[in-house]
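J.: Sequence first, predicted model second:
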Amino acid sequence: MIHVIFQVLMFGACCKAYVNLALNRPAWQESDYSPDWGADKAVDGRYSDRSAGGNQCTISANGKSTATLRVDLQSVVSISHINIFYRTDNAPSPGTYSMRFAGFFLYVSNTTSKDDGYLCFHQIQDKDGTPTENQTISCPVHGRYVIYYNERGNPDVTYPSYYSQYAFNELCELEAYGCHNPKFYGETCAQPCPEKCQEQNCDISGHCLGCIPGYQDPRCSQKCSKQKFGLGCSVLCGNCSNGETCHHVNGTCLSGCNEGAEGDKCQAACIPGFYDRDCRYTCSDNCGVPNRCDKFTGECDRGCQRGWKGGQCDQKCDGGMYGANCNQNCGHCLDDEHCDHINGTCEAGCSPGYDGSLCDDNLQETGFTNIYENTRLDDTSQSEENTMSRNRRRNDTQDDINIDED
């Protein structure tokens, strides 16, 4: 039974293996101990003899504070994991070379510089005999260069006492497993990356390395959450109408803008002189500062000009009032008509007993009432005398007619 299970496991592992993308690719190391142990030994597929004499391992120069080995995968690929097989001199693990291996860094980069790359692994081991000479390091990223690096003598690092004095790279093999085409994933590299992945690139497990604008989650299958849009769903929506969320891709407000905002994305405030939704209304000319008002409500800045009232200064003074803030009383206009809402004048004149440009001069109080009344009586008497004279003339005429007829 155990034998059968072992066979099944081996069959599964065999048929789902990734491709070794580093095999026979160009390699470079910072310093050679000898051309016989150059960087190409780390990618030749041979590491059955992991001694110096086996001619299957790289060996860097002695006495160096840094050691670097770089493998060019010759295109950007999708990496699953990286295997490192370090020099052992064919001795059981842990061997005598772990002190040189300890503290190493492993990067994947799209340039020849590790500083531009992604750090897959680094650890300051604190136990003698570590790390083990066989390492499998998960690094599900895209990249072209795999860079092994180690250092000694860094003043910012406290190295354990068992570490070697100098830095070395003595790799017998470096393997980078994954898919050649970064637009596919899976253990057989046959599944296309999700369609909403940015540039349709994903890691070896099918997680997008970034989403196209408007989408999120590891496989970019979800639209941006409310009030967000754009690349990485990182941009806040504008002031859309009624607090609605904007379009998840381009941020436009489909139902227009709330009060005080305008533009397709409602991210621009109303320019001075306009207010309300989509800035569709003009501030009143009657504002204290003409055409200047609150961009949301239209309420005028600095109140209203003379003769006007209301928050938007769109109502004339009424109720017998006029002037600034409508706080002045009209005079006594003829027939109780309302005075001019701005200057208080009575266009049709004054009621009897009142005079002045604003009809607010009481003639009785100013001593002109008797003159007015006397003038009125004189006019009445004269009218009566004229009437009596006309009547006498009519009577005389009638008498003359009667005589003639006789």
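T.: Sure thing, it's come through. Numbering: from 1, shown residues only.

J.: any low-confidence regions in this protein?
T.: For the chain, residues meeting the criterion pLDDT under 70 lie at 1-17, 366-406.

J.: what residues go with each domain of it?
T.: Following automatic domain parsing, one gets these domains for the chain: 15-180, 274-316, 331-376.

J.: Show me the helices in the stretch 51-200 of the chain, by range?
T.: With DSSP state H, counting those that start in this stretch as the criterion, the stretch 51-200 of the chain has helices at 98-101.

J.: before we move on, the earlier item: would CSV of the domains of the chain with distance to Ile204 and mean neighbour count be doable?
T.: From N, CA and C alone the C-beta is placed, and that goes for glycine too. Formatted as CSV, the domains of the chain follow (distance: least, CB to CB, whole Å; neighbours: other CB atoms under 10 Å):
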stretch, distance to Ile204, mean neighbour count
domain 15-180, 4, 18
domain 274-316, 49, 18
domain 331-376, 79, 15
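
J.: Now distance to Thr245 too, for the ones you listed, in JSON lines please.
T.: Shown next, in JSON lines, are the domains of the chain (distance: least, CB to CB, whole Å):
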{"stretch": "domain 15-180", "distance to Thr245": "33"}
{"stretch": "domain 274-316", "distance to Thr245": "17"}
{"stretch": "domain 331-376", "distance to Thr245": "47"}
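
J.: wait, which of those is closest to Lys196?
T.: domain 15-180 (17.2 Å; CB to CB).

J.: what's the spacing between that closest one and its chain's center?
T.: In terms of CA atoms, centre = their mean, to the nearest Å, the centre of domain 15-180 is found 42 Å from the chain centre.

J.: for stretch 224-234, same thing?
T.: 8 Å.

J.: Give me the contacts around it.
T.: Contacts to stretch 224-234, defined as CB atoms under 8 Å, 6 or more residues apart in numbering, come from residues 210-216, 235-237, 245-251.

J.: Now restrict these to buried residues only.
T.: Among the contacts of stretch 224-234, those buried by neighbour count (16 or more other CB atoms under 10 Å) are Cys211, Pro213, Gly214, Tyr215, Gln216, Val235, Cys237, Thr245, Cys246, His247, His248, Gly251.

J.: Name the nearest of those residues relative to Thr58.
T.: Among the buried ones among the contacts of stretch 224-234, and counting by CB to CB, the member closest to Thr58 is Cys211, at 40.3 Å.

J.: Isn't that closest one up against Cys220?
T.: Yes - with contacts counted by CB atoms under 8 Å, Cys211 reaches Cys220, the gap being 3.7 Å.

J.: Common neighbours of the two, please.
T.: Residues touching both Cys211 and Cys220 by CB under 8 Å, 6+ apart: Lys196, Cys197, Gln198.

J.: Looking at the residues you listed, state which has the most neighbours.
T.: When neighbours are counted by other CB atoms under 10 Å, Cys197 leads these with 25 neighbours.

J.: Wait, that one touches Gln216, no?
T.: No - counting by CB under 8 Å, Cys197 does not reach Gln216; the two are 11.7 Å apart.

J.: Find residues that contact each of the two.
T.: With contacts taken as CB under 8 Å, 6+ apart, not a single residue reaches both Cys197 and Gln216.

J.: Excluding covalently adjacent residues, which one is nearest to Cys287?
T.: Cys300 (3.4 Å; CB to CB, 6 or more residues apart in numbering).

J.: what does Pro94 give?
T.: Gly129 (3.5 Å).

J.: now the one you found: how far from Tyr163?
T.: Counting by CB to CB, to the nearest Å, the separation of Gly129 from Tyr163 is 12 Å.

J.: related to what we said a few turns ago, just to check, the residue nearest to Cys287 is in contact with Cys313?
T.: Yes - contact criterion CB under 8 Å: Cys300 and Cys313 qualify, at 4.8 Å.

J.: If Thr66 is in a bridge, with which residues?
T.: Under DSSP bridges, the beta-bridge partners of Thr66 are Glu151.
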